[in-house]
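Visitor: how would this look folded up:
(chains A and B)
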Protein chains: 2
Amino acid sequence: MIIDRLFEDVEKEGHVCLGLDTDISYIPGDFLKKYDNLEDAIFEFNREIIDATLDAVSCYKVQIAYYEAYGIPGMVAYKKTMQYIRNKGKIVIADIKRGDISNTAKMYAKAHFEGDFESDFITLSPYMGLDSIDPYLDYVKNKEKGLFLLVRTSNEGAKDIQYITDENGEKIYEVVGDKLNKLGEEYLGKCGYSSIGGVVGCTHRDESVKLRKVLDKMFFLIPGYGAQGGTAEDVALSLKDGNGGVVNSSRGILLAYKKKENGEKNFAECAREEAIRMREDIRNAIKLH
Amino acid sequence: MIIDRLFEDVEKEGHVCLGLDTDISYIPGDFLKKYDNLEDAIFEFNREIIDATLDAVSCYKVQIAYYEAYGIPGMVAYKKTMQYIRNKGKIVIADIKRGDISNTAKMYAKAHFEGDFESDFITLSPYMGLDSIDPYLDYVKNKEKGLFLLVRTSNEGAKDIQYITDENGEKIYEVVGDKLNKLGEEYLGKCGYSSIGGVVGCTHRDESVKLRKVLDKMFFLIPGYGAQGGTAEDVALSLKDGNGGVVNSSRGILLAYKKKENGEKNFAECAREEAIRMREDIRNAIKLH
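Guide: Now for the predicted structure:
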């Protein structure tokens, strides 16, 4: 089970999941000038960041929207980035938030678990229901792949659907979480967690504590740290015995160089320093809880 | 407003939305052999189908999963297909069902409303909430673009989230529909419908009648006809005064040739005949209601 690999990588390298949401505007001017096409510029920027952070993060998350936005050259950069991370022996989460059914979902599974865009984990949206997850399960069971389903996101608009209370007094995100936690029991790793994980934001402290208890088999992909207001303490409450989740940071790490004098020249080193700072920030918060 | 163009195309060409979910296995063997690479084979198949159906359908829907599944060559075929349809003056719906927030949603908007993959309408999933729609609204208001949000889909698993009853006795899909119908009022075309439409399956007849009344500003993208059990009569109940929706058919049209003797040689003509049959089937059902 892929979740055991992720669990072990968290034990060794900490909880940071580095988000490669690489907008062209993030790339320092001098670096950008070295390349005469977009796909090389984006990929080479990512490569520098990846090389500098291999032992500072447990995994990478690549947000496909940033690559789709640049059309075919963007998708080539995406492909190269995914392959580079996997060739380095690191786990990569494709943040695609797809959500569709039957044959279409099968095609998405093929797209993101095989071939040009192969990843280790993908994110999915559950709105269409559990049958929208079925086509991925063979990969989870037999091909060392994993899923992170949206459960409770960290944005303001989460209230519009996720926070609706049903006739039994449960919130939609709780109902969804329960169903997925149960489904996940069929795909448990030795570490005790399932290869069917959940995206659970860390910005609501009381709920994090509750969700961590109720969704006992679910490994969390945690957005919301830093820019969105989540602290290391919030993160610690979403973890259990120092594991059970990875915490995404994208701009906080990719743009760390902007806060340093002459940072542009050492953008990758600045990313490394920020990743390590974040890792230790989380480790310290865990010790206190 | 783009919705006025779609409304007029429905008046002229009927309700069929031809779904170009082109799996490589759909392409007749002799045709496939003519091409030495995947991107040409897929695109040329689509081109034959499009050329044969320009006056038989109101619009096309391209399911991006089928193209992602073939990696970079697939995405090139996708790009060429989108551009070909738009160059022919027809409306194309990118069936991408994306759903993300803030900067990521901005990137998806840029990806699918500009550049290589430009479309006229995109489908979106609302699970993350209304703020996941905001980044697209500038395109809707100022750039002749439109949206179809998932409201009630036609799959079995729709019960898992969409059919949950909230504390006020409303189903989630009704709550979502109401919110989107209200949001849509700010983007009304002269035809009376909004450029923010909804995906509403036609497989539950009573609900279709109710939804058509309640979601009075919402233009419907209707899946479920044919393969999934929806009939022309079901479709008619989702329409109003003979307009207000387009009805998707993919395999039913693309694979019509398999039901004809020597169909492989005339696959595009078979698609045309099936599209016209479906158009008339729906028009007749509308006359009876």
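Visitor: quick one: the strands in chain A?
Guide: Ranges of strands in chain A, per DSSP state E, are A:16-19, A:59-63, A:91-98, A:121-124, A:146-152, A:196-200, A:220-222, A:245-249.
Visitor: what's the average pLDDT for the shortest one?
Guide: Yep, that's strand A:220-222 we're talking about. For strand A:220-222, the mean pLDDT works out to 97.
Visitor: mind listing what's buried in the top helix by length along chain A?
Guide: Determined from DSSP state H, the single longest helix within chain A is helix A:267-288. Across helix A:267-288, burial judged by 16 or more other Cβ atoms under 10 Å in any protein chain shown covers A:267-276, A:278-279, A:281-282, A:285-286. The way it works is simple: take the backbone N, C-alpha and C, and place the C-beta from them, glycine included.
Visitor: which one of those residues is nearest B:Gln162?
Guide: A:Ile282 (36.5 Å; Cβ to Cβ).
Visitor: Direction-wise, compare the longest helix of chain A with strand A:245-249 and give the angle.
Guide: Comparing the axes of helix A:267-288 and strand A:245-249 via axes from the mean of the first three to the mean of the last three Cα atoms, to 10 degrees yields an angle of 140 degrees.
Visitor: What about the residue nearest to A:Tyr193 when sequence neighbours are not counted, how many residues nearby?
Guide: In this structure, A:Tyr193 finds its nearest non-sequential neighbour in A:Phe219, 4.2 Å apart by Cβ to Cβ, 6 or more residues apart in numbering or on different chains. As a burial measure, A:Phe219 scores 28 neighbours (other Cβ atoms under 10 Å in any protein chain shown).
Visitor: If I follow the layout properly, A:Phe219 ends up in contact with A:Gly197?
Guide: Yes - using Cβ atoms under 8 Å, A:Phe219 makes contact with A:Gly197 at a distance of 4.0 Å.
Visitor: show me the contacts for the residue most central in space within chain A.
Guide: The residue lying closest to the centre of chain A (Cα atoms, centre = their mean) is A:Lys61, at 4.5 Å. Shown in contact with A:Lys61 (Cβ atoms under 8 Å, 6 or more residues apart in numbering or on different chains): A:Cys17, A:Leu18, A:Gly19, A:Leu20, A:Val92, A:Ile93, A:Ala94, A:Asp95, A:Leu221, A:Asn248, A:Ser250.
Visitor: contacting residues for the first one?
Guide: What that stands for is A:Cys17. So A:Cys17 contacts A:Val57, A:Ser58, A:Cys59, A:Tyr60, A:Lys61, A:Ile93, A:Leu221, A:Val246, A:Val247, A:Asn248, A:Ser249 (Cβ under 8 Å, 6+ apart).
Visitor: Is there a neighbour count for the nearest residue to it once chain neighbours are set aside? I'd like the number.
Guide: Once flanking residues are discounted, A:Cys17 sits nearest to A:Val246: 4.0 Å by Cβ to Cβ, 6+ apart. Number of residues near A:Val246 (other Cβ under 10 Å) recorded here: 31.
Visitor: if we can go back for a sec, which one of the contacts of A:Lys61 has the most neighbours?
Guide: Neighbour-wise, the contacts of A:Lys61 (other Cβ under 10 Å) top out at A:Leu18, 30 neighbours.
Visitor: Let me see the contact set for that one.
Guide: Taking Cβ under 8 Å, 6+ apart as the contact definition, A:Leu18 lies against A:Ile49, A:Thr53, A:Val57, A:Cys59, A:Tyr60, A:Lys61, A:Asn248, A:Ser249, A:Ser250, A:Ile253, A:Ala271, A:Ala275.
Visitor: Bridged to it, which residues?
Guide: Taking DSSP bridges as the rule, A:Leu18 bridges to A:Tyr60, A:Ser249.
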